[in-house]
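Chemist: just a sequence and a predicted model for now, questions to come.
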Number of protein chains: 2
Amino acid sequence: MPLWLSPCEVGLLAGLPAEDYPDGHPTNGSEDWAMSVAAAEIDTVLAELSALIGDRVSTAAAVREHHGKDESWHHPELPDAVCFPQSTEEVAEIVKICARHRTPIIPYGTGTSLEAHVMAPHGGICIDMSQMNAVLEVNVEDLDCTVQPGVTRKQLNEYLRDTGLFFPIDPGADASLGGMTATRASGTNAVRYGTMRENVLALTVVLPDGRIIKTSRRARKSAAGYDLTRLYVGSEGTLGVITEVTLRLYGIPEAISSAVVSFPDIEGAVNTVIMTIQSGIPIARIELLDEVQMDAVNKYSGLDYPVQPTLFLEFHGTEAGVREQAEMVSALCGEFGGGDFQWTTKTEERNKLWQARHDAAYACKALRSGCEIWATDVCVPISRLTECILETKKDLERSSLIAPIVGHVGDGNFHLAFVLDLDNPAELKEADELNDRLVMRALAMGGTCTGEHGVGIGKKKFLQAEHGEAVSVMRTLKMALDPQNIMNPGKIVTV
Amino acid sequence: MPLWLSPCEVGLLAGLPAEDYPDGHPTNGSEDWAMSVAAAEIDTVLAELSALIGDRVSTAAAVREHHGKDESWHHPELPDAVCFPQSTEEVAEIVKICARHRTPIIPYGTGTSLEAHVMAPHGGICIDMSQMNAVLEVNVEDLDCTVQPGVTRKQLNEYLRDTGLFFPIDPGADASLGGMTATRASGTNAVRYGTMRENVLALTVVLPDGRIIKTSRRARKSAAGYDLTRLYVGSEGTLGVITEVTLRLYGIPEAISSAVVSFPDIEGAVNTVIMTIQSGIPIARIELLDEVQMDAVNKYSGLDYPVQPTLFLEFHGTEAGVREQAEMVSALCGEFGGGDFQWTTKTEERNKLWQARHDAAYACKALRSGCEIWATDVCVPISRLTECILETKKDLERSSLIAPIVGHVGDGNFHLAFVLDLDNPAELKEADELNDRLVMRALAMGGTCTGEHGVGIGKKKFLQAEHGEAVSVMRTLKMALDPQNIMNPGKIVTV
């Protein structure tokens, strides 16, 4: 049963003209692409694709169902077929076929996106990159590598193990590096190592007409023209298909230590974070879990952490450097009411400690059987973080929903995990309204509606409120680079 | 006397079709904007500008001459008039007037660019941002600030002195932050702190039709749509006028130490750099001066450094951290034949040490009286840096030119400073040919024609060889955002 929710008040709340929010399911987003592809046309496309890649194009229901949905609360919408190319040249030929027949193209990594990025509201051809999963080149001296887009982050780090290097960006899921690039992913390590924005050096992209470009070269920096690399990082498949990614790598730190510390209140925890960042301590991870989340983690993982706002920390550096960082942060924790600073440098204990953090999403799901998670994603200037979280918790107190909070607080980014029965429209409506209030609060504080999950379909309604006239520039770019609007249509901007 | 040089062989060498390189001075770059503005039209524009900003528009010869030239070897080309706006709204009105009359607009910071960015080959209106020089906002807790584009980097750091924060990007010249943004500047600190690409959080931009946009918000990270901020960083005034810049700031390190160490050969110096970077030592500056440059510096500044390839280093961190970094790098220097590692933490000695580095350009100029500098700017993957420098030095041995080398070697970026008599066409031709060979060598090694100076007019001829089909995407973006081609026409791409 499709879930119709979010009527046009939400659009109005977000400052959108009413006509941008017709009644109906927000995930349809179809106002900009009136026609889906006619059945006859699709048959021609399929025949041409079969001639090109044989049985690596599929229309099987199970395959289409698997590809019409991500890990979000959004209702699935299926592509007409799924292709499994094995080279940039094959992707280019697939795109040319689709372009000739004005057929939508939806690039697909691992399907772990959270804003309906891979859904096919207009049907069309899903391009699954999982068979393009080779590490093409590792340049140890230059601390970089080039991979095909289907390589996942864990696969890359496994491959790199003997080089002494690693790729730090960790969004939680074992996502593909193509997908992480397309959604400008980040996660727990971003406070030290940056996001995909800072760590993609160059891309190979198949344009919407099938031409192939390289956006940049391997040099660490360049001032040679418009920054096409950054234009494609975060473009969510709407401007072309990413077929190679060149990434920065880092030396595995000589020493790593982790710590957990509980606070009597959110303010103490967040103030510790602010002081840590301001002091220039190069902390690698600094994650907040609120008391609701800690309770869930304890129950799920059989742990006995205090049910209080808690920071999970990690330090990277030399032996002496890590010790010094830990001592400095421990002192700051003390100043802000933090309890015992439990820290460890042993790999096994570290892994156990972080497992609790990584299990947060599963711990949330376990709070109610048969339920799913809707993760919000605002990011605010860190000086407003306490206020933003506290006001949001007041909203939650007045609501009937369970929503633990986890945050990449060093960046000002935090997630509510609404634990929902997706078959209950009233719950979805309540979550939607709370999320609207949360986003508008974050925007009023100079923040963004999405720190790391991307726009997809779920955040489109906030884009005008966040960017104002700049949305028209985004629309201009989209129309200039994809004049037929075949690349992942309906995502990011309406044209 | 204008200096006609670089005939179309250069374009051919760079892989360009001959028609892109008509005979004539490459700095004319005028093939894309056939007509300059008719005299009658300019009179109307000037009348409208006077009505808007009174005597803050000037057609005085001295003012136009000052604004028609940067610090490069390029021959000046003058705008028809220069405006001095005092607000974003005034800039928007100026742009609207120019747009109505299809009159070129050239944004101007401090005129310290190095590839003819501010020259007006088609005449038009120069917008000098020097009266928009206010620091608008400093958010100490968030480590960010917002400035008008005419604020210079030294002015900002002076303003920040009591906050404990600083802005690290240092291209040498006391450039304006608007100009540094527009050219994607970097310099000595980039190896640790990144370039303007990594340090601009958001921009206010006046579009080529006079609309005003904000490209992003103050949040540290965002996945909310296309990365307009990065599109405008490095766009060199060709897509709009930057009128506000939001920047990342950093805490002034608790300890800073500097060091100088000489090597018997370039290989030893560069290998030390590679190992330093690979070891993850968070060095703040690591600069190479070759023996020619060291000789020039000794003579100019009355010093007695060994006339050998030399690294200038700087470490930022805690007292203990800085000591540890210095010891680690000192050990690496020893492994690669480096001499005595002279280091200091005293501010006065540090400043004296870095003064020698900062005086490098003046020291070059002092080598020949009445001469000017033409600075090259390639950047290569660090593994190719030794080879690139050594092959270039072989070229220099066969030439009649003097060209000391300085390099931001941690990034793989180095500059030859040709010391030239600009009235001698043979010398200019020789420099041009050497630069062509240098750029093509760097490109063959996966590098870029410009690490930090930008394209302007001087590097346009290499863009096709560097980016191939991606140049057509840049052209598409330019035409979409500036369909009249009035924004700094003739720079970056030909449309």
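Modeler: It's in.

Chemist: show me the shaky parts of the stretch 201-350 of chain A.
Modeler: Along the stretch 201-350 of chain A, no part satisfies pLDDT under 70.

Chemist: how about the helices in it?
Modeler: Along the stretch 201-350 of chain A, the stretches classed as helices by DSSP state H, counting those that start in this stretch are A:228-232, A:266-278, A:291-301, A:319-335, A:347-358.

Chemist: elements contacting the shortest one?
Modeler: By that I understand helix A:228-232. Packing partners of helix A:228-232 (3 or more C-beta pairs under 8 Å, 6 or more residues apart in numbering or on different chains; DSSP states H and E): strand A:200-206, helix B:228-232, helix B:470-481. Any C-beta I mention is one placed from the backbone N, CA and C, and that applies to glycine too.

Chemist: let me have those in CSV, extended by distance to A:Ile405 and mean neighbour count.
Modeler: Shown next, in CSV, are the helices and strands packed on helix A:228-232 (distance: least, C-beta to C-beta, whole Å; neighbours: other C-beta atoms under 10 Å in any protein chain shown):
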stretch, distance to A:Ile405, mean neighbour count
strand A:200-206, 29, 25
helix B:228-232, 28, 26
helix B:470-481, 40, 21
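
Chemist: who wins for proximity to B:Val406 among those?
Modeler: Between B:Val406 and the helices and strands packed on helix A:228-232, the tightest spacing by C-beta to C-beta is seen for strand A:200-206, at 24.1 Å.

Chemist: what angle separates the closest one from helix B:470-481?
Modeler: Per axes from the mean of the first three to the mean of the last three C-alpha atoms, to 10 degrees, the angle that strand A:200-206 makes with helix B:470-481 is 90 degrees.

Chemist: okay, now the sheet partners of strand A:200-206, with direction.
Modeler: strand A:212-214 (antiparallel), strand A:241-248 (antiparallel) (DSSP bridges).

Chemist: most neighbours per residue, which of these?
Modeler: strand A:241-248 (a mean of 25; mean count of other C-beta atoms under 10 Å in any protein chain shown).

Chemist: who's in contact with that strand?
Modeler: A:88, A:91, A:95, A:105, A:107, A:127, A:129, A:132, A:136, A:143-149, A:156, A:167, A:177-178, A:181-182, A:198-206, A:212, A:216, A:218, A:232, A:487 (C-beta atoms under 8 Å, 6 or more residues apart in numbering or on different chains).

Chemist: how about 7 Å then?
Modeler: For strand A:241-248, the surrounding residues in contact (C-beta atoms under 7 Å, 6 or more residues apart in numbering or on different chains) are A:88, A:91, A:95, A:105, A:107, A:127, A:132, A:136, A:143-149, A:167, A:177-178, A:181-182, A:199-206, A:218, A:232.

Chemist: now stretch A:79-87
Modeler: A:37, A:42, A:46, A:49, A:53, A:56-59, A:63-64, A:67-68, A:91, A:94, A:106, A:120, A:123-128, A:130-132.

Chemist: can you say which of the contacts of strand A:241-248 are buried?
Modeler: Burial by neighbour count, 16 or more other C-beta atoms under 10 Å in any protein chain shown: within those this picks out A:88, A:91, A:95, A:105, A:107, A:127, A:132, A:143-149, A:167, A:177-178, A:181-182, A:199-206, A:218, A:232.

Chemist: what does the stretch 201-350 of chain A put close to chain B?
Modeler: A:211, A:213-215, A:217-228, A:230-231, A:233-235, A:250-251, A:253, A:274, A:277-280, A:318, A:320-321, A:324 (C-beta under 7 Å from any C-beta of the partner chain).

Chemist: which parts of the stretch 51-200 of chain A are helices?
Modeler: Ranges of helices in the stretch 51-200 of chain A, per DSSP H, counting those that start in this stretch, are A:61-67, A:88-100, A:153-160, A:177-182, A:190-193, A:196-199.

Chemist: tell me which other helices or strands the first one touches.
Modeler: In terms of contacts (3 or more C-beta pairs under 7 Å, 6 or more residues apart in numbering or on different chains; DSSP states H and E), helix A:61-67 is packed against strand A:81-83.

Chemist: neighbouring strands for the strand it packs on, and are they parallel or not?
Modeler: Here strand A:81-83 is paired, per DSSP bridges, with strand A:57-58 (antiparallel), strand A:125-128 (parallel).

Chemist: now those strands in JSON lines, with distance to B:Ile389?
Modeler: Output for the strands paired with strand A:81-83, formatted as JSON lines (distance: least, C-beta to C-beta, whole Å):
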{"stretch": "strand A:57-58", "distance to B:Ile389": "50"}
{"stretch": "strand A:125-128", "distance to B:Ile389": "43"}
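
Chemist: tell me the helices and strands packed up against the helix ranked longest in chain A.
Modeler: When chain A is parsed with DSSP state H, its longest helix is helix A:425-444. With contacts taken as 3+ C-beta pairs under 7 Å, 6+ apart, helix A:425-444 sits against helix A:8-13, helix A:385-397, strand A:413-420, helix A:460-467.

Chemist: redo that, cut-off 10 Å
Modeler: helix A:8-13, strand A:372-375, helix A:385-397, strand A:413-420, helix A:460-467 (3 or more C-beta pairs under 10 Å, 6 or more residues apart in numbering or on different chains; DSSP states H and E).

Chemist: least reliable of these by average pLDDT, please.
Modeler: Ranked by mean pLDDT, the helices and strands packed on helix A:425-444 bottom out at helix A:8-13, with a mean of 37.

Chemist: what is the burial count for A:Gln86?
Modeler: 16 (other C-beta atoms under 10 Å in any protein chain shown).

Chemist: for A:His467, that is, sorry about that
Modeler: Burial measure for A:His467: 26 neighbouring residues, criterion other C-beta under 10 Å.

Chemist: out of the contacts of stretch A:79-87, which end up buried?
Modeler: Burial by neighbour count, 16+ other C-beta under 10 Å: within these this picks out A:37, A:42, A:46, A:49, A:53, A:56-58, A:63-64, A:67-68, A:91, A:94, A:106, A:120, A:123-128, A:130-132.

Chemist: and stretch A:253-263, which residues are buried?
Modeler: Under 16+ other C-beta under 10 Å, the buried positions of stretch A:253-263 are A:Pro253, A:Ile256, A:Ser257, A:Ser258, A:Ala259, A:Val260, A:Val261, A:Ser262, A:Phe263.

Chemist: what's the closest of the residues you listed to B:Pro425?
Modeler: A:Pro253 (55.1 Å).

Chemist: thought that closest one was touching A:Phe315?
Modeler: Yes. With contacts counted by C-beta atoms under 10 Å, A:Pro253 reaches A:Phe315, the gap being 8.6 Å.

Chemist: now do the shared contacts for these two.
Modeler: Taking C-beta atoms under 10 Å, 6 or more residues apart in numbering or on different chains as the criterion, A:Pro253 and A:Phe315 both touch A:Ala284, A:Gly321, A:Val322.

Chemist: got TSV for these, with distance to A:Asp436 and neighbour count too?
Modeler: As requested, those are exported to TSV (distance: C-beta to C-beta, whole Å; neighbours: other C-beta atoms under 10 Å in any protein chain shown):
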residue	distance to A:Asp436	neighbour count
A:Ala284	34	23
A:Gly321	44	22
A:Val322	42	22
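
Chemist: just those residues now: which is nearest A:Arg441?
Modeler: A:Ala284 (29.1 Å).

Chemist: quickly list the domain ranges of chain A.
Modeler: With domains defined by automatic domain parsing, chain A comprises A:33-130, A:135-251, A:255-363, A:369-463.

Chemist: which one of those lies closest to B:Val439?
Modeler: From the domains of chain A, taking C-beta to C-beta, the stretch that ends up closest is domain A:135-251, at 10.2 Å.
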